[in-house]
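Peer 1: give me a 3D structure for the following:
(chains A, B and C)
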Amino acid sequence: MKRQRKTTQSKNKEKKLESFFEQVYAVVRLIPRGKVTSYGAIGKYLGTSSSARMVGWAMNSSHHVKPKVPAHRVVNRTGLLTGKNHFATPTQMKELLEKEGVKVKKDHVIDFKKLFWDPMKELEL
DNA sequence: CGATTGACGTACG
DNA sequence: TCGTACGCCAATC
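Peer 2: All right, here's what the predicted structure looks like:
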């Protein structure tokens, strides 16, 4: 089941003043209330240099980041609340989204396509 | 310091 | 249409 990783990661890494995480936080914080976006969209807006996984890692660290990052507004490409498992409670994400007007059914966003907030389109355009 | 994991996404069968 | 495979890149074991 576990995919064999044949890629031996490099031990060398560069330290950037603007961590990829900070960029993600900035975008996520710009998400309007009642809207949602995807990890890939954020990564793409940042330049596709980073894979969607990195966005997920950023969210993981967002718990101790200030100001608070609305990670509940970030879902996967299918609109599934994949990150609900990492919240205080699996229902927290759903509760927050519904409170903002986003309908959630069985951990997936209703009309996700309609509620989708594209950073490239909203910010860059 | 090498190997594995991980809140994803796209490609292929 | 669904399941499996691989790539990204950083963090953790």
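Peer 1: show me the contacts for the closest residue to A:V24 other than its chain neighbours.
Peer 2: Using C-beta to C-beta, 6 or more residues apart in numbering and skipping the chain neighbours, the partner closest in space to A:V24 is A:A58 (3.9 Å). For every residue, glycine as well, the C-beta is placed using N, CA and C. The neighbours of A:A58, taking C-beta atoms under 8 Å, 6 or more residues apart in numbering as the test, are A:F20, A:F21, A:V24, A:Y25.
Peer 1: wait, does the helix or strand hosting the second one contact DNA strand B?
Peer 2: A:F21 belongs to helix A:20-29 when assigned by DSSP states H and E. No - applying C-beta under 7 Å from any atom of the strand, one finds helix A:20-29 separated from DNA strand B by no less than 9.6 Å.
Peer 1: is DNA strand C contacted by the helix or strand hosting the residue nearest to A:V24?
Peer 2: Element membership of A:A58 [criterion: DSSP H and E] is helix A:52-61. Yes - contact of helix A:52-61 with DNA strand C (C-beta under 7 Å from any atom of the strand) involves A:A52, A:R53, A:M54, A:W57.
Peer 1: may I ask you to confirm that the last one is in contact with A:S19?
Peer 2: If I follow you right, that is A:W57. No - using C-beta atoms under 8 Å, A:W57 makes no contact with A:S19, being 10.7 Å away.
Peer 1: neighbour count for these two, which is higher?
Peer 2: Neighbours of A:W57 and A:S19, each counted by other C-beta atoms under 10 Å, are more numerous for A:W57; the result is 15 against 12.
Peer 1: for the more buried one, what are its contacts?
Peer 2: A:W57 is in contact with A:F21, counting by C-beta under 8 Å, 6+ apart.
Peer 1: one more: A:P70?
Peer 2: Residues in contact with A:P70, defined by C-beta under 8 Å, 6+ apart, are A:V28, A:R29, A:I31, A:L96.
Peer 1: which one of those residues sits in the busiest neighbourhood?
Peer 2: Of all the contacts of A:P70, the most densely surrounded is A:V28 (22 neighbours; neighbours counted as other C-beta under 10 Å).
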